[in-house]
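Chemist: Please work out how this folds:
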Amino acid sequence: MQSELNALTDRLIAYRFVRKLMSVQDLKEALRDIPGSHDLTIGYAGNGNQIIHVGDRTIEVGPMAGIDEIRARLNIQKINDIGNPAMATLGEQLKAARAKLADARDGAARAVADCADASAIVLQEADKASKEAAALRAEVAELTNGAPS
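Modeler: Here you go, the predicted structure:
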């Protein structure tokens, strides 16, 4: 009985070993377009899942994962590593919009400051004109012996 159990165990180990080698070769062939696939390795997690290393990426997939699922998980890992290009573009657009908004805000602040300066000049000139008008009225009053009518 023990020898039969040992033989069965040996066959199971051999089967899993051959299956693992075949799976690695199958995956290497199917994923040959992915950088690092020639160094692909497969390990097993304690929960029975497969740990697949391709280049600098490591993913964990279920024991029955197919090539499409593995490829999809590797692509998701790549996007996570480099950042989502659409989000990067959106981030750049947001950064550009913030810069334009800051420029507009600075331009508006300069315009308000310029208006305040111009307003101060207008008020000074109006004060001068008012004083000149008062001086002219006084001069006319002296010449006419009274205030103008």
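Chemist: Next one, pLDDT for residue 73 please.
Modeler: Each residue has a pLDDT score; the one for residue 73 is 84.
Chemist: Which helix or strand contains it?
Modeler: Using DSSP states H and E, the element containing residue 73 is helix 67-82.
Chemist: Now the closest residue to residue 58 other than its chain neighbours: phi and psi?
Modeler: Across the structure, with CB to CB, 6 or more residues apart in numbering as the measure, the residue nearest residue 58 apart from its sequence neighbours is residue 51 (6.5 Å). Bear in mind the C-beta positions are built from the backbone N, C-alpha and C, glycine included. Reported as degrees, to the nearest 10, the phi and psi values for residue 51 are phi -110, psi 120.
Chemist: I'd assumed residue 42 was in contact with residue 51.
Modeler: Yes - contact between residue 51 and residue 42 holds when scored by CB atoms under 8 Å: they sit 7.0 Å apart.
Chemist: Between these two, which is the more surrounded one?
Modeler: When neighbours are counted by other CB atoms under 10 Å, residue 51 and residue 42 differ, and residue 42 comes out ahead with 16 against 13.
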